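[1] the sequence and its predicted three-dimensional model are supplied below.
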Protein chains: 2
Amino acid sequence: MNPPHTAVIGALELPQPYLLFLGDTTEPGFAKTAFGLRDWSPDRCIGEYRLSADTVSTGLPAMTPAQAGANGARALVIGVANPGGVIPSHWRASLVEALAAGLDIVSGMHARLSDIPGLAEAAAQHGRRLIDVRVPPADIPVATGAKRTGKRLLTVGTDCALGKKYTALAIHRALVARGVDATFRATGQTGIMIAGGGLPMDAIVADFEAGAAEILSPDAADDHWDVIEGQGSLFHPAYAGVSLGLLHGSQPDIIIVCHEPGRDRVLGLPDFAVPSIEETIATNLMLGRRTNRAIRCGGVSLNTAALGESAAQDEIARVADRLGLPVADPLRGGAALDRLIDHSLA
Amino acid sequence: MNPPHTAVIGALELPQPYLLFLGDTTEPGFAKTAFGLRDWSPDRCIGEYRLSADTVSTGLPAMTPAQAGANGARALVIGVANPGGVIPSHWRASLVEALAAGLDIVSGMHARLSDIPGLAEAAAQHGRRLIDVRVPPADIPVATGAKRTGKRLLTVGTDCALGKKYTALAIHRALVARGVDATFRATGQTGIMIAGGGLPMDAIVADFEAGAAEILSPDAADDHWDVIEGQGSLFHPAYAGVSLGLLHGSQPDIIIVCHEPGRDRVLGLPDFAVPSIEETIATNLMLGRRTNRAIRCGGVSLNTAALGESAAQDEIARVADRLGLPVADPLRGGAALDRLIDHSLA
């Protein structure tokens, strides 16, 4: 299923469909972007391009850039992230080949495409674009706090990197399956590539953070839902400001609190305890009320990827019982997810 | 009195002393930067440079750039801010004259100095620098949350633009007068020019906001106080993320809450009420506790500039009575400020 993408004024817009570039990456953990695109945007991914037989594969049809172009591809997406975010020099010829085949290049890596020697010149020669999704567009306004029409759901977390993006994607998918008019709004590089647009909230200049969140989910029909990918956590010593700007600018009607059972220390900062789900709900509601008095918690998303099915269901039931709120692992779906959606839409 | 400036790794460092450039500005309200420098850094300002007889004056000796250079000036500071932040083209010859006289140019305006036609070439020709204090240095790290040595005081506010900078400057001045080892840490362009260094917190990319605050007030002696200029407000729909990143990264031991009596709507956003002082204290302490469990409120700073002396003292007494905390207008000084300092150092 394909999350429909509605144009956002001022937000990034990516050319689609994609050819997924895997380089010669043999470690599946480095190909999360490609796997995410395959899983969440399959009809925007028409093939993959690998440089060697032992490169990881998404299972999509193998194509050269020329073949992909002939099949309608508009962009080659770099679907792998190396340690350090650099693009190895021996990939350059393949990227130039894609430009020559009429494809733009899309990257979410830290290194900018235009910093690769010769690539900007090749793009200009072939009339193609180099698109770094980590680079926000210019002219993002300062937030006004003015109430916008339509409904909004924001995923928030007890910590970073525990499922806010996949929770938003799964809730969006479930809403669309119910016939609800809904749009997934991406705030990080992988989400932006999946959605085909969005804004990299961690790369916005601080004064414009809430303003970026405001233009990301513009006025919409009264029964339309924007499902917004959360970032960071209000309790993270480095990223809380990002989370607060996103919370204020998003004006969510509903927050879904994401947590990973067993995660008791902040990722990478073992001196900091992960807050309780209860404290996370209370703090987000208290601060979020500033721009939307009607904000409430729609439920809790547990990332139970590390648990077996039975242990996962036990944990979901235990937390639901403790909180008196719907709790689900959205990637497992089922009746628990239905209850969380029911409560959010109520 | 001159706030002593301690070098900060990664923060801006400005060449001093200054020649204050007033252009041909006749409206005193546009010369706040020059007046602030005269009032808070008099021994770093050796003269002023005006283009016409009816230009506003700081009262400092009139000097050409050549005369200022001969008297030891190292930089010409643009001490006026026009509406729109642009630098009129008829100032260009004066700026080139300063470069030729061996002065760097320092600007806090929105327009970048290097965007003025010909100025970058003139700077290169004379071996001088163009310094935009709104442009943060590169390589600001992500925050770690690690506790730093020394003591820190942060001014926070019920809103923007109501005295956080001048409160910090006045408290710093009072600490130094008591013989306390203290440094004023600037976070906005005027403060940076006064201090001769600092970081423009509103111009930092959001992911690095708390990290910037961490390097702004580095490890120090146990009895040293950093007095940190606050920015924005946790309740401002556009800037709360800036305030939270600064709060977390600063790890303040003491907050001083700044308020302007009578300000009941957020500046420029009349749909938003200004929070009470009590709510501002509680929210800052709750969120600030994340990086410093010992955080407490040292008192309240009231901006009583619009009130006469008697009305100001009445208001200060009334708020102090209501809160049970020291309350002062630091720019009026007196016993009230002494009590606020006593309580902060206790």
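    Yep, that arrived. Numbering: from 1, shown residues only, chains lettered A, B, ... in the order given.
[2] helix, strand or coil: sort out A:A306 for me.
    coil (DSSP: H, G, I helix; E, B strand; the rest coil).
[3] the nearest residue to it once chain neighbours are set aside: how many residues sit nearby?
    Of all residues not flanking A:A306 in the chain, A:G262 sits nearest, at 7.1 Å (CB to CB, 6 or more residues apart in numbering or on different chains). Where you see a C-beta, it was placed from the backbone N, CA and C, and this is true even at glycine. By the criterion of other CB atoms under 10 Å in any protein chain shown, A:G262 has 11 neighbours.
[4] my guess is A:G262 contacts A:N303. True?
    No: look at A:G262 against A:N303 with CB atoms under 8 Å: they stay out of range, at 9.7 Å.
[5] around chain B, pick out the residues from the stretch 201-346 of chain A.
    Proximity of the stretch 201-346 of chain A to chain B (CB under 8 Å from any CB of the partner chain) is limited to residues A:201-207, A:209-211, A:234-235, A:237-246, A:248-249, A:269, A:271-272, A:283, A:286-287, A:290-291.
[6] same question, the stretch 1-150 of chain A
    Residues of the stretch 1-150 of chain A lying near chain B (CB under 8 Å from any CB): A:V142, A:A143, A:T144, A:G145, A:A146.
[7] out of these, who's nearest B:Q189?
    Of all these, A:V142 has the smallest distance to B:Q189: 16.4 Å, by CB to CB.
[8] tell me which strands the helix or strand hosting A:I256 pairs with, and in which orientation.
    Element membership of A:I256 [criterion: DSSP states H and E] is strand A:254-259. When pairs are called by DSSP bridges, strand A:254-259 turns out to pair with strand A:151-157 (parallel), strand A:296-302 (parallel).
[9] burial count for A:S52?
    Neighbour tally, A:S52, other CB under 10 Å: 10.
[10] next: the one 4 residues further on.
    Applying the criterion other CB under 10 Å, we find 20 residues in the vicinity of A:V56.
[11] contacts only, for it.
    Counting by CB atoms under 8 Å, 6 or more residues apart in numbering or on different chains, A:V56 makes contact with A:L22, A:T25, A:T26, A:E27, A:P28, A:F30, A:A31, A:A34, A:R50, A:V80.
[12] in a markdown table, list those along with pLDDT, secondary structure and neighbour count.
    Listed next are those as a markdown table, based on pLDDT from 0 to 100; DSSP: H, G, I helix; E, B strand; the rest coil; neighbours: other CB atoms under 10 Å in any protein chain shown:
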| residue | pLDDT | secondary structure | neighbour count |
| --- | --- | --- | --- |
| A:L22 | 97 | strand | 23 |
| A:T25 | 93 | coil | 22 |
| A:T26 | 93 | coil | 12 |
| A:E27 | 91 | coil | 10 |
| A:P28 | 90 | helix | 12 |
| A:F30 | 90 | helix | 17 |
| A:A31 | 92 | helix | 23 |
| A:A34 | 95 | helix | 28 |
| A:R50 | 97 | strand | 19 |
| A:V80 | 91 | coil | 24 |
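[13] tabulate these (a markdown table), appending distance to B:E97.
    What follows is those, written out as a markdown table (distance: CB to CB, whole Å):
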| residue | distance to B:E97 |
| --- | --- |
| A:L22 | 59 |
| A:T25 | 58 |
| A:T26 | 62 |
| A:E27 | 60 |
| A:P28 | 63 |
| A:F30 | 56 |
| A:A31 | 59 |
| A:A34 | 58 |
| A:R50 | 62 |
| A:V80 | 55 |
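[14] which one of those residues is nearest to chain B?
    A:F30 (21.1 Å; CB to the nearest CB).
[15] who touches the nearest residue to the closest one once chain neighbours are set aside in this structure?
    Distance criterion CB to CB, 6+ apart; nearest residue to A:F30, sequence neighbours excluded, is A:V80 at 5.1 Å. Listed by CB under 8 Å, 6+ apart, the contact set of A:V80 reads A:F21, A:L22, A:G23, A:T25, A:F30, A:A31, A:T33, A:A34, A:V56.
[16] also A:V180?
    Per CB under 8 Å, 6+ apart, neighbours of A:V180: A:D223, A:W225, A:L345.
[17] which of those residues tops the neighbour count?
    Counting by other CB under 10 Å, top hit in the contacts of A:V180: A:W225 with 25 neighbours.
[18] quick check: the gap between A:L153 and B:A213.
    31 Å (CB to CB, to the nearest Å).
[19] what does A:L337 give?
    In terms of CB to CB, A:L337 sits 40 Å off from B:A213.
[20] the two: which has the busier surroundings?
    B:A213 (31 against 22).
[21] next, the residue nearest to the more buried one when sequence neighbours are not counted: secondary structure please.
    Distances taken as CB to CB, 6+ apart put B:G249 closest to B:A213, at 2.5 Å, once the chain neighbours are dropped. Assigned with three-state DSSP, B:G249 falls in the helix class.
[22] average pLDDT for stretch A:236-255?
    Taken as a whole, stretch A:236-255 has a mean pLDDT of 98.
[23] quick one: the helices in chain A?
    If DSSP state H is used as the criterion, the helices of chain A fall at A:32-40, A:65-70, A:92-100, A:119-126, A:164-177, A:189-195, A:209-216, A:240-250, A:277-288, A:309-323, A:334-345.
[24] pick the one among the contacts of A:V180 closest to chain B.
    Checking these one by one against chain B (CB to the nearest CB), the nearest turns out to be A:W225, at 21.9 Å.
[25] dig out what the closest one forms beta bridges with.
    Counting by DSSP bridges, the residues bridging with A:W225 are A:K151, A:A182.
[26] quick one: it from A:D181, how far?
    Taken as CB to CB, the span from A:W225 to A:D181 is 7 Å.
[27] same check, this time on A:E121
    44 Å.
[28] strands paired with the lowest-mean-pLDDT helix or strand in chain A, and their directions?
    Lowest mean confidence among the helices and strands of chain A (mean pLDDT, DSSP states H and E): strand A:12-13, at a mean of 84. With DSSP bridges as the test, strand A:12-13 is paired with strand A:197-198 (antiparallel).
[29] please compute how far the partner strand lies from its chain's middle.
    In this view, strand A:197-198 has its centroid 9 Å away from the chain centroid, taken as CA atoms, centre = their mean, to the nearest Å.
[30] what about it, average pLDDT?
    On average, strand A:197-198 scores 94.
[31] can you list contacts of it?
    With CB under 8 Å, 6+ apart, strand A:197-198 has contacts from A:5, A:7-8, A:11-14, A:185-188, A:191-192, A:216, A:229.
[32] measure the closest residue to chain B within the stretch 51-200 of chain A to B:A273 for me?
    Taking CB to the nearest CB, chain B has its nearest neighbour within the stretch 51-200 of chain A at A:G145, 3.1 Å off. Distance, A:G145 to B:A273, by CB to CB: 12 Å.
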